[in-house]
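In: sequence first, predicted model second:
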Amino acid sequence: MLVSSPSQAEYMARIRCVDRERCLVVPVDVGKRSAMALVADHCHEVVVDPFTFDLNETGVLELLAKADSFAEFVGAGSVRFGIESAGHYHRGLVTRLDTAGRDVVELNPAIVKDARGRIGARRVKTDVQDCLAMAEVGVA
């Protein structure tokens, strides 16, 4: 499900001429009170190590600061946030990022599970593995 985001075809057309190192994905694995995120590029490289943040305004500002800092460093042409649907826990973050004008995609948990299998961690369910799998989904 896409939220305030162009279709996948439109997204791919928009980034077609942008260097893969300058296209960033920010996968977020949401829990009840906190979340884990990382920043990766379209070369499948993690460029900002996994970090946790609280699901409140201070935590969201921390998430945005880390993503924006690296995006500025590489002159990013695209920054896309991918958030795995998690009951209702992800809704506040999706809404907050959407109202901030960010490119946000909600990811189906079944797709994330399949991606964990592709990276060799189908049976491993950790926040870091989920973030890595979501990064693969975001790049694909």
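Out: That came through, no problem.
In: for the residue nearest in space to the middle of the chain, which non-adjacent residue is spatially closest?
Out: For the chain, the residue sitting closest to the mean C-alpha position, by CA atoms, centre = their mean, is residue 27 at 2.2 Å. Among residues not flanking residue 27 along the chain, residue 134 sits closest, at 3.2 Å (CB to CB, 6 or more residues apart in numbering). In short, each C-beta sits where N, CA and C put it, glycine included.
In: distance of that neighbour from residue 72?
Out: Between residue 134 and residue 72 the distance is 23 Å, computed by CB to CB, to the nearest Å.
In: what is the least confident helix or strand in the protein?
Out: Across the helices and strands of the chain, mean pLDDT, DSSP states H and E gives its lowest value to strand 2-3, namely a mean of 42.
In: could you list the low-pLDDT ranges of this protein?
Out: 1-9, 11-21, 119-125 (pLDDT under 70).
In: the biggest helix by length in the chain packs against which elements?
Out: The helix spanning the most residues in the chain, taking DSSP state H as the definition, is helix 57-74. Applying 3 or more CB pairs under 8 Å, 6 or more residues apart in numbering; DSSP states H and E, one finds that helix 57-74 makes contact with strand 23-30, strand 34-41, strand 46-54, strand 78-84, helix 91-99.
In: format the ones you listed as TSV; extra columns: distance to residue 106.
Out: Formatted as TSV, those follow (distance: least, CB to CB, whole Å):
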stretch	distance to residue 106
strand 23-30	10
strand 34-41	14
strand 46-54	18
strand 78-84	6
helix 91-99	6
